[in-house]
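J.: sequence first, then the predicted structure:
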Amino acid sequence: MLKKKITDYNKNFFDEIKNSYAILTAGDKNVGFNSMTVSWGGIGVLWGMDVAYVFVRHSRYTYKFINESDSVTLAFLNDNYKEAKAIFGSKSGKDINKYEASGLHPTFDPDYNGYYPMEADYVFKMKKLYSIDIPYDNLPSDIKDKFYKNGDMHTMYVCEIKQFLVKE
Ligand SMILES: Cc1cc2nc3c(=O)[nH]c(=O)nc-3n(C[C@H](O)[C@H](O)[C@H](O)COP(=O)(O)O)c2cc1C
């Protein structure tokens, strides 16, 4: 992987996250790690830092790891890995080893004490800065009805993008 400046990022993020999805991985050598598919999130600037925002429901196995560790990666794989992304978005790491089931390979980055799938075209290596539970009561009623009827709320994580890696 080549280390690039974040200002070299030249993709359409809306298309990438919404239509191609990303694999979010949280955890480190001490607590272990887990990965799941995400299609909600954003990138931007906050507190003078390059950041990404991700949203994880409390029922996800990944929720445990993102709370226990500051190491978070957002990895984008092309659509040759559509099936793998479907597995990471429908099966839980509580029940199966999704890497074995999908044929993807987790890479450990020792500089950073975090993981990402080796097959990614590009990766944001990030440090969790802040998290906040989405408060049910403040939401518009149509959003409550559409997304939170079962009470499985999201937590929003703000993560600093520490490094932008691109496949060679
Ligand atoms: C296309 C797609 C996008 C998803 N986006 C999110 C998301 O942004 N946040 C979230 O909490 N779950 C999202 N999910 C659901 C999780 O990926 C799914 O529940 C997964 O099985 C959780 O795995 P885990 O239990 O191993 O963490 C998405 C699923 C798919 C298929």
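T.: Yep, that arrived.
J.: contacting residues for Gly42?
T.: Going by Cβ atoms under 8 Å, 6 or more residues apart in numbering, Gly42 touches 13, 17, 52-53. For the C-beta atoms, the positions are set from N, CA and C on the backbone; glycine is no exception.
J.: just curious, which of the residues you listed is nearest to the ligand?
T.: Proximity of the contacts of Gly42 to the ligand (Cβ to the nearest ligand atom) peaks at Ile17, which lies at 8.6 Å.
J.: near the ligand, which residues of the chain show up?
T.: Residues of the chain lying near the ligand by Cβ under 6 Å from any ligand atom: 21, 34, 36-40, 55-57, 60-62, 89-94.
J.: can you do 5 Å?
T.: For the chain, the residues found near the ligand under the criterion Cβ under 5 Å from any ligand atom are 21, 36-40, 56-57, 60-62, 89, 92-93.
J.: helices along this structure, start to end?
T.: Secondary structure of the chain (DSSP state H): helices located at 13-15, 61-68, 82-88, 98-102, 141-147.
J.: so can I have JSON lines of the ones you listed showing mean pLDDT?
T.: Shown next, in JSON lines, are the helices of the chain (pLDDT from 0 to 100):
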{"stretch": "helix 13-15", "mean pLDDT": "98"}
{"stretch": "helix 61-68", "mean pLDDT": "98"}
{"stretch": "helix 82-88", "mean pLDDT": "98"}
{"stretch": "helix 98-102", "mean pLDDT": "98"}
{"stretch": "helix 141-147", "mean pLDDT": "98"}
